[in-house]
Each structure stands twice: as structure tokens, then as C-alpha cells.
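Engineer: Generate coordinates for the sequence data below:
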Amino acid sequence: MIRGRLRRRGDDRGFTLIELGVASALLILAVISMGYVLDSGLNVTKRVDDATTAQRNGRLALDTLVREARVRQVVLNASAGTGVPDPGPLAFAFTTVSDPAAGVAAHRIVYSVSGGKLWKKTDSGAAVDILDGVLNDDDPRTADKPALFTYYDASTPPRDLYAAGLQSSIPASSRRVLVSLVVSTNRGAPLLLESDLTFRSLS
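Structural biologist: Here you go, the predicted model:
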């Protein structure tokens, strides 16, 4: 009797198939959950990296444009020469101020958007794309995006010259240009980067 009890108490028959199946299922669920959490974390990191890169590149292009436009001499239209577009929502052309005493020559600079890129053309040189992923385009799929360039006069309140049908007066009447750059971030929502240019004089 005592021997039988001892034999039952030290029984090493192991787990049943049902117990092994339940344990395996729980282990698989745990591994899947951990993988999902890791994947979600990696996706968040990639989205943050994409947004940071897009913001850095977009801000660099925008700051360059604004810095050059602030030292402009005149705003140009198509009559200024071949390759110069009329100022509008997707194009802005101007000449920079020269300083002969310092050996600084004036340059004609054109910024424009087409094909999802921001282009810069200096004098008669070839246009160079300085930023990809620009959504201020004439593509109908991005028709809800703001104009890259919005021109205002000195009236109170300021008039949007292009929207008012006064495109021809933009070179002479613009006193403020709102630059609104919309940049794609690949994995997340587009970024809107803005800068305000105020002109004291265009003479």
C-alpha cells in the first residue's frame, strides 16, 4: 500500500497533448504580440525620421528662397526675358541687388514648381531641382494644396493680387509674398512650411 502511494506520488508521465497544444498556442500568441509591438515601434520611428528629413530639406529650400528674395531688386515678369515666367501661384522671378564696389553682380533668379519638384534657375543657366516631393503643383490630385506664392498689395486689408485678377500688376504692386511650401513625407501627412516676405520698396 505504501509502495503504491509512493509510485503515484512520483509519477513522471509528463504533459498531455491538450496541455502541450494550449502552451504552444499561448507561446505563439506571445511571439506574435511582441512582433506586432516591435513592428509598430519601427513604423513610428520611420515616420518620425521621414517627417524630420522632409522638414529639414523643405526648410533649407524655403530659407534659401526667402533669403535670396529679401535682397531682390525687382520682381520680374515674362517681358523681362526668355525663360522668365509671369509671377503666379507656382512661379516667382526677381533680380538680386548688385554691389559693384564689392564685386557682387546682379542675378536673375526664377523659382518654380513642376513635376513635384521645386526648381531654381539662375540667369541663363539650366534649371536645377532643389527639392523633391513638393505638392504645390498643377496636378489635379493635389488641387486642395495652397499656392506656393501668394502676392499681396499695400491696401487695407491686403488684396491677393492673383486671385483679384491683377496678375499684371504683381511686379509693381506686391508688398508682401506669402510662401507656402507643402512637402510630402512618404509615410505620413504632408508638411506645410510657410514664410512671409514683406517688401519695403520694389524700386
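
Engineer: Pull the contacting residues for residue 123.
Structural biologist: By CB atoms under 8 Å, 6 or more residues apart in numbering, the contact set of residue 123 is 107-108. Every residue, glycine included, has its C-beta placed from N, CA and C.

Engineer: Please report how far it lies from residue 86.
Structural biologist: Going from residue 123 to residue 86 by CB to CB, to the nearest Å gives 19 Å.

Engineer: what does residue 49 give?
Structural biologist: Taken as CB to CB, the span from residue 49 to residue 86 is 39 Å.

Engineer: which one of these two has more residues nearby?
Structural biologist: residue 86 (16 against 13; other CB atoms under 10 Å).

Engineer: From what I see, the more buried one and residue 78 are in contact.
Structural biologist: Yes - Residue 86 is within contact range of residue 78, at 4.9 Å (criterion: CB atoms under 8 Å).

Engineer: Report the beta-bridge partner residues of the spatially most central residue of the chain.
Structural biologist: Ranked by distance to the mean C-alpha position of the chain (CA atoms, centre = their mean), the top residue is residue 183 at 1.9 Å. Here residue 183 shows beta-bridge partners residue 134, residue 191, assigned using DSSP bridges.

Engineer: looking at it, it is touching residue 58, isn't it?
Structural biologist: Yes - using CB under 8 Å, residue 183 is in contact with residue 58, at 4.1 Å.

Engineer: if I look at those two, which residues touch both of them?
Structural biologist: The contact sets of residue 183 and residue 58 overlap at 131, 191, 193 (CB under 8 Å, 6+ apart).

Engineer: Any chance of those in JSON lines with distance to residue 23 as columns?
Structural biologist: Below are these laid out as JSON lines (distance: CB to CB, whole Å):
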{"residue": "131", "distance to residue 23": "55"}
{"residue": "191", "distance to residue 23": "48"}
{"residue": "193", "distance to residue 23": "54"}
